[in-house]
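*Asks:* Could you look at this predicted model? Sequence included:
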Amino acid sequence: MYLQVVVQSILAFYAGGKIFCFFDIDTFDICTVKCVPDLIDELKAGYNAAGAPYNMSPRH
């Protein structure tokens, strides 16, 4: 079963036809950025705002 959720305040950026970044333009409290798994630890070490994968697959 496919469920489509429409949220009008989400701004998403695409590259190569795939989503790589999105955030809620009304609150802008979280910005989710997709990256390769090997970079997650490096990003978390270099940026205070970088945390564990959120709202996406833990692979990315």
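*Replies:* Alright, I've got the coordinates. Residues are numbered from 1 along each chain as shown.

*Asks:* and the nearest residue to F22 once chain neighbours are set aside, what element?
*Replies:* Take F22 and drop its neighbours on the chain: the residue closest to it by Cβ to Cβ, 6 or more residues apart in numbering is A12, 4.1 Å away. The way it works is simple: take the backbone N, C-alpha and C, and place the C-beta from them, glycine included. Per DSSP states H and E, A12 falls inside strand 10-15.

*Asks:* After that strand, heading C-terminal, what element do we hit next?
*Replies:* strand 18-24.

*Asks:* Run through this protein and note the low-pLDDT ranges.
*Replies:* Along the chain, segments meeting pLDDT under 70 span 1-6, 52-60.

*Asks:* rerun that using 80 as the cut-off
*Replies:* Regions of the chain meeting the criterion pLDDT under 80 cover residues 1-7, 30, 37, 48-60.

*Asks:* And the helices in it?
*Replies:* Along the chain, counting by DSSP state H, helices occupy 40-46.

*Asks:* Quick test: name the residue nearest the centre of this protein.
*Replies:* The centre of the chain sits closest to T32, judged by Cα atoms, centre = their mean, with a distance of 2.2 Å.
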